[in-house]
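Participant: Provided below are the primary sequence and the corresponding predicted coordinates.
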Amino acid sequence: MELELIQRLAVATGIGLLVGVERGWWQREEQAGARTAGIRTYTLIGLLGGVFGAIARALTEPVAAAIVLAVGVLVFSGAFTLFRFRETQKDKSYGATTLVAAIGLFALGIYAVIGNEVVAAAAGVAVVSVLAARESLHGWIARVSWPELRAGIVLAAMTFLALPIIPDQSFGPFGGINPRQIWLLAVVLAGVSFLGYAAAKALGAERGLLAAAAAGGLVSSTAVTMTAARRAAAREADGRLLAASATLGSAVAFGRTLVLIGVLNQEVAARVVAPLLAGLTVAILIVLLLARRNLQGGAGGGFELRNPFSLQETIGLALLLGGVLFGTRAVGALFGPAAAIAANVVIGMGDTDSTTYAMSQLAPGQLTPAAAAVGILLAVAANNLFKFVAGAALGGRGFGLALALGLGAPTAAGAAVYFLLLGAAGAG
């Protein structure tokens, strides 16, 4: 019992030491006695909180223990607030971080003794991490625009506030629609798009066309291809380099589909991982081939960035996914699995995410995992075909020839690997 108490007090003291080191570093230039607290003070605050926790823990009467803790927190908070007030008056500042950190540290010292010491230690590390990130957080806030901040807030609200209260059960005929599953996928896709936007902005237009294309592929490889085609038609950059950017966007889309299906249905993922990886690898090689003469920092420019996330787009995406899934199930139930796969291939020309979701949800119910894998691979191929036809028509002959290589070779590689595996499985 005594050993456990000593260990818990050590955790409380260690948390105080961590916070003290971080706080002391920022105030290292000040003379002794010119600051409210340093390394020693914060270490003692953690230990003091632990001692109050130990006293409360030793009392058998819950009311008495609660009174001890309340008095300890009030007395410490009042005393530290007084000293912090004097410091801010002297420095003519209004910072409250030091005060909040000290009170929080005292509370963590108490919790380390009377609660879960592992959780207390983790919370202490989180406190130190937030305190140490002061400069980077302030710089980040200065660079973020209001639409970007609002997008992040909405995405967080849809994830942590709305998702838990959405019903987790199926409604309607043909197997029904599960609102929570659809909403979860919509939030995941919106999050990926948000990350793609953030990456594109962080890389900047000066970092080159290919860097922006890679980030843009997380959002929409079709949009990357159409943007490259328009720039090729306007002769804004070398056609081979623009075709390389479109190919790179599609390579990222291969990876995105692979991750998505891996999350949704592992049985189907096992059947598509090799073809998709083959297509991704060949696409990267084609990018290097097409861009080898132009591959340098700042070549070209970035893609136009827009608001990365909005509530309307999330709702629209959720409705689209639900509609595609319901329609595919209805077609499969009425006309058979082959019709369901054919419908998804047509839809996949414009959006592989919805077809990936629909196929993964139909297996192993209306479709076998093998049939669902075929549906996904055909949808990816159809999407590449659509991008080639539209891009070549818009970008011109030179761009179209390079794009045919960039999109055709990965598709052919994926198909070859699939049929080789299929043949090997049949022979086995």
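Facilitator: Arrived safely, thanks for sending.
Participant: buried residues, stretch 61-74. List them.
Facilitator: When burial is assessed from 16 or more other Cβ atoms under 10 Å, stretch 61-74 yields the following buried residues: 65, 68-69, 72-73. For the C-beta atoms, the positions are set from N, CA and C on the backbone; glycine is no exception.
Participant: please flag which of those residues sit within helices.
Facilitator: In this view, the buried residues of stretch 61-74 that belong to helices under DSSP state H are 65, 68-69, 72-73.
Participant: export the residues you listed as JSON lines, with columns for distance to Ala101 and pLDDT.
Facilitator: Formatted as JSON lines, those follow (distance: Cβ to Cβ, whole Å; pLDDT from 0 to 100):
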{"residue": "Ala65", "distance to Ala101": "25", "pLDDT": "89"}
{"residue": "Val68", "distance to Ala101": "23", "pLDDT": "90"}
{"residue": "Leu69", "distance to Ala101": "19", "pLDDT": "90"}
{"residue": "Gly72", "distance to Ala101": "17", "pLDDT": "90"}
{"residue": "Val73", "distance to Ala101": "15", "pLDDT": "90"}
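Participant: just the pLDDT for Leu280.
Facilitator: Note on Leu280: pLDDT of 92.
Participant: how close does it get to Ala253?
Facilitator: Taking Cβ to Cβ, to the nearest Å as the measure, Leu280 and Ala253 are separated by 9 Å.
Participant: these two - which one has more neighbours?
Facilitator: Neighbours of Leu280 and Ala253, each counted by other Cβ atoms under 10 Å, are more numerous for Ala253; the result is 29 against 21.
Participant: next one: the helix or strand harbouring the more buried one to chain centre, how far?
Facilitator: Secondary-structure assignment from DSSP states H and E places Ala253 in helix 239-264. On the basis of Cα atoms, centre = their mean, to the nearest Å, the separation between the geometric centre of helix 239-264 and that of its chain is 17 Å.
Participant: what comes up buried for it?
Facilitator: Of the residues in helix 239-264, those buried by neighbour count under the rule 16+ other Cβ under 10 Å are 239-258, 260-262, 264.
Participant: downstream of it, the next helix or strand is which one?
Facilitator: From helix 239-264 onward toward the C-terminus, using DSSP H and E, the following helix or strand is helix 266-291.
Participant: can you count the residues close to the nearest residue to Leu260 once chain neighbours are set aside?
Facilitator: Excluding its sequence neighbours, the residue lying closest to Leu260 (Cβ to Cβ, 6 or more residues apart in numbering) is Thr356, at 5.4 Å. Residues lying near Thr356 (other Cβ under 10 Å) number 28.
Participant: for the record, mean pLDDT for the helix or strand Thr356 falls within?
Facilitator: Counting by DSSP H and E, the element that carries Thr356 is helix 352-362. Helix 352-362 comes out with an average pLDDT of 72.
Participant: list the helices and strands it packs on?
Facilitator: In terms of contacts (3 or more Cβ pairs under 8 Å, 6 or more residues apart in numbering; DSSP states H and E), helix 352-362 is packed against helix 179-203, helix 239-264, helix 311-335, helix 337-348, helix 369-395.
Participant: so where is the stretch 101-250 of the chain shaky, pLDDT-wise?
Facilitator: The stretch 101-250 of the chain contains residues with pLDDT under 70 at 135, 137-140, 174-176, 185, 188-209, 212, 216, 219-220.
Participant: please, where are all the helices along it?
Facilitator: Remark: helices of the stretch 101-250 of the chain, listed N- to C-terminal, are 117-132, 134-143, 146-157, 179-203, 209-219, 221-233, 239-264; assignment by DSSP state H, counting those that start in this stretch.
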